[in-house]
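Participant: Pasting the sequence and the predicted model now:
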Amino acid sequence: MDTHNLTTISEFLLTGFSDLPEVRYPLFVVFAVIYQVTLMGNGAILFVIGSEKKLHTPMYYFLANLALLDIFCPSTTVPKLLKNLLTKEQSISFVGCALQLFLLVALLGTEVFLLAVMSYDRYVAICFPLRYNLIMTKGLCVQLTTSTWAAGFLHSALHTVFTFRLSFCKSNRVNQYYCDIPPVVALSCSSTYVAQMLILVVGGIFAVSTFLITGISYIYIIFTILKIRSAEGKNKAFSTCASHLLVVCLFYGTVLSNYVRPSSANGSS
């Protein structure tokens, strides 16, 4: 059955902040400042890594890709959010919503895969320091990075296609300030079984596998660090992965708070 014929909605309304009209301008300032700081901070990281030859190593190569993702990811949602806050508009076209969802899920997925690759890089650096340059060659780094981007975008394409094959003929009010899978699927008036199963099965497999790669890598890293006798050696080894571990914790903490905690709210829309 061609569900596109049942779709009567040509645009969606992003109602994430519709109940806070009195703080639209303060929210605009806050999001604009955070967005500018994010762009400048990650732009500075890219500039320093690109201009300093000493930083042309696997760890900083992956970090440059992470900075690139951290520029692209908010750029898929924040400019539209700022425009809506400033103009009191809430609408986004059907195609615009699909594109926003596709890019957001693709970039977030790529970041999940990249963090797993970076944890493997730190595992090799700390557990096999003498063989690090032999294992983490330039060719392997390029292959790993290309694979993370490809996996992220293919994963997103699958979700986006099955999400927007649904028929939307009741409400067009997305209970979020950007287009995301759960609030958009909640608006469908056709069966959402396949779309929801894709989220649970495919998304679950990718999430669990990348989380296991990251977790197992750090278990080996911790045991290796504990075996180092000198305090100086332990501090040096820990310092090489502390920043990445902090990014992992912040990223997974943000994702869990956004998708696990408000799940009932999404479903209630």
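Facilitator: Yep, that arrived.
Participant: Spatially nearest residue to residue 108 (excluding sequence neighbours)?
Facilitator: Sequence neighbours aside, residue 73 is the residue nearest to residue 108 in space, at 6.5 Å (criterion: C-beta to C-beta, 6 or more residues apart in numbering). In this view, the C-beta of every residue, glycine as well, is placed from N, C-alpha and C.
Participant: and the one you found, how many residues sit next to it?
Facilitator: 19 (other C-beta atoms under 10 Å).
Participant: helices and strands around the strand or helix carrying residue 115, which ones?
Facilitator: Element membership for residue 115 (DSSP states H and E) is helix 94-127. Using 3 or more C-beta pairs under 8 Å, 6 or more residues apart in numbering; DSSP states H and E as the contact test, the elements touching helix 94-127 are strand 11-14, helix 58-75, helix 132-135, helix 138-164, helix 181-185, helix 193-227, helix 231-259.
Participant: Compare the ones you listed and give me the one nearest residue 36.
Facilitator: Counting by C-beta to C-beta, residue 36 lies closest to helix 58-75 out of these; the figure is 10.4 Å.
Participant: Could you pull out the buried residues of the following helix or strand past the closest one?
Facilitator: Downstream of helix 58-75, the next assigned helix or strand under DSSP H and E is helix 78-87. Buried residues in helix 78-87, counted by 16 or more other C-beta atoms under 10 Å: 78, 80-82, 84-85.
Participant: export these to a markdown table and tack on distance to residue 28 and pLDDT?
Facilitator: Output for the buried residues of helix 78-87, formatted as a markdown table (distance: C-beta to C-beta, whole Å; pLDDT from 0 to 100):
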| residue | distance to residue 28 | pLDDT |
| --- | --- | --- |
| 78 | 11 | 93 |
| 80 | 12 | 91 |
| 81 | 9 | 91 |
| 82 | 6 | 91 |
| 84 | 9 | 87 |
| 85 | 4 | 87 |
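Participant: now stretch 230-243: how far from the chain's centre is it?
Facilitator: Distance, stretch centre to chain centre, for stretch 230-243: 28 Å (C-alpha atoms, centre = their mean, to the nearest Å).
Participant: Likewise for stretch 165-176?
Facilitator: The mean C-alpha position of stretch 165-176 is separated from the chain mean by 23 Å, C-alpha atoms, centre = their mean.
Participant: same deal with stretch 242-250?
Facilitator: Worked out by C-alpha atoms, centre = their mean, stretch 242-250 lies 14 Å from the chain centre.
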